[in-house]
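In: Sequence first, predicted model second:
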Amino acid sequence: MNKKIIIFGGDGFCGWPTSLRLSEVGYDIIIVDNLVRRKTDIELCCDSLTPISTIQARIEAWKQLTGKEIRFEYVDIAKDYDRVLALLREIEPVSVVHFAEQRAAPYSMKSPYHKRYTVDNNLNATHNILCAIVETGLDIHLVHLGTTGYYGYGTAGMDIPEGYLNVKVETDNGELKELEIMYPAKPGSIYHTTKTQDALFFYYYNKNDGLRITDLHQGIVWGTNTPETMRDERLINRFDYDGDYGTVLNRFLMQAAVGHPLTVHGTGGQTRAFIHIRDTTNCIRLAIQNPPKFGERVKIFNQTTECHNIKMLAEKIASMTGAEIRYYQNPRNEDPENELRFCNDSFLKLGLNPITLDEGLLTEVVDIADKYRERCDFSKVICTSTWRSDMAVDFEGSKNPVTTEINSPKVPFQIAAK
Ligand code: NAD
């Protein structure tokens with residue numbers, strides 16, 4: 001049985017522990033990565049809180065501990081189409097997992113350069129994989145990491161379904177016709193926009209070429225360790241805490257550990273979807289083991305296990321650790337408050353046993369952040385990337401929720417001049 005899997009972006013936060021998990025359960029893993037995430041650390045003058053080893057040292061450590069080989073290929077998949085094609089032809093993988101995109105919404109909003117880089121990188125990376133699979137003529141299942149941000153962060157008033165929505169439309173003769181459509185995309189940043197555009201590529205290549213594709217609309221990932229990364233210090237996973245790449249729950253836990261106030265944006269009334277990194281790795285294993293059938297539409301899973309309100313999350317961590325909560329002007333242009341619920345039946349039916357916030361793993365993350373607290377650069381904690389150039393960065397924060405909207409959209413100057 002073919003057990004070869006290519007992991008595009010296998011050196012990253014989700015890709016590395018997933019590569020180890022899949023290797024552990026018996027797959028032959030080939031990591032393809034251009035290490036751009038490590039180069040972005042240099043650009044941002046900020047490092048992972050945990051001291052990650054080089055990709056060569058990681059792979060060598062895994063081999064020493066388990067006897068299992070992971071191959072590494074240094075390729076920019078957005079630029080080097082021929083190499084992607086040659087690797088698919090040579091390896092003939094049963095599945096490829098695609099993590100290899102610029103994944104930080106704040107980074108994608110930093111400047112016109114960052115917007116353009118994110119679009120160029122993400123759309124070309126995704127399209128090159130799809131186009132190359134078709135050119136090989138092989139039956140290769142693509143598993144892609146999308147985001148729950150595809151659906152937007154408003155209040156839907158229902159459990160958001162897994163990718164598709166049943167609607168009724170009035171036809172010319174006044175009859176109501178039932179339709180199934182892709183859930184309307186509502187991207188909230190350039191990063192999220194690239195994920196919604198990926199979804200159109202998937203729709204097209206599935207319809208036109210019959211590609212088998214699973215798109216995982218993943219929530220915000222928290223935690224850092226998995227059973228595999230914990231086996232040796234050289235296998236440690238990255239831990240982003242800065243204002244661009246750090247994600248909200250890991251940031252709060254790390255802030256509590258190092259004595260920085262918890263940085264809540266606005267009122268903290270936003271609700272977001274979450275998943276633990278261990279569940280991420282297991283979901284991807286389940287997605288690989290349960291590909292769509294031939295002729296089936298793109299399979300979309302909501303890869304998230306629970307939703308939480310940000311203020312309540314901060315209060316939970318404050319009561320657990322004694323940390324101070326501070327509220328900052330929101331650097332993002334988003335609904336100040338929303339409700340969010342997701343349908344996630346597909347993974348539950350496949351046997352996922354979700355890890356929730358109450359299972360002691362919050363403390364584990366605080367302990368890891370505490371262990372490496374000397375590596376924290378406090379000047380990198382506040383998010384300085386704003387959604388528009390006229391928005392102010394709030395370095396001070398306040399004790400009370402920020403309800404004033406000094407960052408609401410300006411009247412375009414052409415209209416104001418009339
Ligand atoms: P990451 O930045 O840590 O990892 C991405 C990896 O892809 C990096 O190793 C990077 O070097 C590589 N890469 C990027 N562009 C590449 C290119 N052109 N060629 C080759 N390699 C390239 O990100 P992550 O947190 O591991 O996220 C992985 C995926 O999961 C992303 O697509 C992201 O959108 C999605 N996701 C992540 C989260 C989260 O909370 N981390 C949440 C939802 C969805």
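Out: Sure, I can see it.

In: Is Gly188 in a helix, a strand, or coil?
Out: Three-state call for Gly188 (DSSP: H, G, I helix; E, B strand; the rest coil): coil.

In: for Thr356, that is, sorry about that
Out: Here Thr356 is coil, with the state taken from three-state DSSP.

In: where do the strands sit along the stretch 51-200 of the chain?
Out: In order along the chain, the stretch 51-200 of the chain carries the following strands (DSSP state E, counting those that start in this stretch): 70-74, 95-98, 141-147, 164-170, 176-182.

In: Okay, buried residues for the second one please.
Out: When you say that, I think you mean strand 95-98. Residues of strand 95-98 classed as buried by neighbour count (16 or more other Cβ atoms under 10 Å): 95-98. Where C-beta positions appear, they are placed from N, C-alpha and C, glycine not excepted.

In: got the residues you listed as CSV, with pLDDT and distance to the ligand columns?
Out: As requested, the buried residues of strand 95-98 are arranged in CSV below (pLDDT from 0 to 100; distance: Cβ to the nearest ligand atom, whole Å):
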residue, pLDDT, distance to the ligand
Ser95, 98, 16
Val96, 98, 12
Val97, 99, 9
His98, 98, 7
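
In: Max pairwise distance over those: which two?
Out: The two members of the buried residues of strand 95-98 with the most space between them (Cβ to Cβ) are Ser95 and His98, at 10.1 Å.

In: so what sits against both of those two?
Out: Between them, Ser95 and His98 share the neighbouring residues 142-143, with contact defined by Cβ atoms under 8 Å, 6 or more residues apart in numbering.

In: Quick check: which ranges of this structure have low pLDDT?
Out: 405-418 (pLDDT under 70).

In: What's the local residue count around the residue of it found nearest the ligand?
Out: Here the residue of the chain nearest the ligand is Gly12; by Cβ to the nearest ligand atom that distance is 1.9 Å. Around Gly12 there are 26 other residues, counting by other Cβ atoms under 10 Å.

In: is it true that it lies in a helix?
Out: No: counting by three-state DSSP, Gly12 is not found in a helix; it is coil.

In: need the residues of the stretch 51-200 of the chain near the ligand, please.
Out: For the stretch 51-200 of the chain, the residues in contact with the ligand (Cβ under 6 Å from any ligand atom) are 76-78, 99-101, 103, 121, 125, 145, 147.

In: how about a cut-off of 5 Å?
Out: 76-78, 99-101, 103, 125, 145, 147 (Cβ under 5 Å from any ligand atom).

In: By neighbours, which of those wins?
Out: Across these, the neighbour count under other Cβ under 10 Å reaches its highest value at Ala100, namely 30 neighbours.

In: my read: it touches Asp33, true?
Out: Yes: in this structure Ala100 lies within contact range of Asp33 using Cβ atoms under 8 Å: 6.7 Å.

In: what is in contact with these two at once?
Out: Shared contacts of Ala100 and Asp33 (Cβ under 8 Å, 6+ apart): 8-9, 12, 15.

In: So which of the residues you listed sit within strands?
Out: In strands, defined here by DSSP state E, the members of these are Phe8.

In: Which members of the shared contacts of Ala100 and Asp33 define the maximum pairwise distance?
Out: By the measure Cβ to Cβ, Phe8 and Gly12 form the most distant pair in those, at 9.8 Å.

In: Overlap in contacts, these two.
Out: By Cβ under 8 Å, 6+ apart, Phe8 and Gly12 have these common neighbours: 33, 99-100.

In: Using TSV, lay out those residues together with distance to Arg234.
Out: Below are these laid out as TSV (distance: Cβ to Cβ, whole Å):
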residue	distance to Arg234
Asp33	17
Phe99	21
Ala100	23
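
In: and which of those residues is nearest Trp222?
Out: Phe99 (16.7 Å).

In: what's the nearest residue to Glu135 if we skip its chain neighbours?
Out: Computed as Cβ to Cβ, 6 or more residues apart in numbering, the closest residue to Glu135 that is not its neighbour in sequence is Leu85, at 5.8 Å.

In: pretty sure that neighbour is touching Thr136, no?
Out: Yes: counting by Cβ under 8 Å, Leu85 touches Thr136, with 6.9 Å between them.

In: Cheers, nothing more for now.
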